[in-house]
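**Q** Dropping the sequence and predicted coords here.
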Amino acid sequence: MPTASSAPPGGALRLLPLTDRPGWQAAGEVSLLTRPTWQQTLDRVARTDEETCHLDLSAVTFVDVAGVSALAMTAQGLPRGRRIVLEEPPATLRRVLDLFWPDLLSVEVMGR
């Protein structure tokens, strides 16, 4: 079974469930072509009953602004007390979040 850490072919996005904690591991890039897959995963994150959902983004090379916006909108719609932990996201994702959603308390960024 392939792992998300092995980069998919150019422009693709691979998302697999994490085995050791609630959440998903992603590899590749989030762009216009891969946004439907990204959005489906964010929808799953929003529907989970877990208090904390992890997104391991250590193998993600790029997230466009619309992808960051979809993440922020998902986080804003979470019930109070729930959060998304981003593990090692691309630096640009963190900068866009800080710029446009500086007070988004339901997203925690770890690493990078």
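**A** Here it is on my side, so go on.
**Q** Next up, phi/psi of residue 62, please.
**A** With angles defined as degrees, to the nearest 10, residue 62 sits at phi -160, psi 140.
**Q** Hmm, it is touching residue 92, no?
**A** Yes. Here residue 62 lies in contact with residue 92, judged by CB atoms under 8 Å, at a distance of 7.4 Å. C-beta here means a position set from N, CA and C on the backbone, and glycine is covered the same way.
**Q** What ranges in the chain fall below the confidence cut-off?
**A** 1-10, 112 (pLDDT under 70).
**Q** Can you show me the helices along it?
**A** Using DSSP state H, the helices of the chain run over 35-47, 65-76, 91-100.
**Q** Could you pull up the contacting residues of residue 68?
**A** Contact analysis of residue 68 by CB atoms under 8 Å, 6 or more residues apart in numbering lists 93, 96, 97, 100.
**Q** quick one: contacts for the second one?
**A** When contacts are counted by CB under 8 Å, 6+ apart, residue 96 is found next to 63, 65, 68.
**Q** Let me know the closest of the residues you listed to residue 11.
**A** residue 63 (13.0 Å; CB to CB).
**Q** which residues pair with that closest one across the strands?
**A** Under the criterion DSSP bridges, residue 63 forms beta bridges with residue 30.
**Q** and it, what is it in contact with?
**A** Contacts of residue 63 (CB under 8 Å, 6+ apart): 29, 30, 57, 71, 89, 90, 92, 93, 96.
**Q** let's see 10 Å
**A** Neighbouring residues of residue 63 by CB atoms under 10 Å, 6 or more residues apart in numbering: 13, 26, 29-31, 34-35, 38, 57, 69-71, 89-90, 92-94, 96-97.
**Q** so how far is residue 41 from it?
**A** Distance of residue 63 to residue 41, computed by CB to CB, to the nearest Å: 12 Å.
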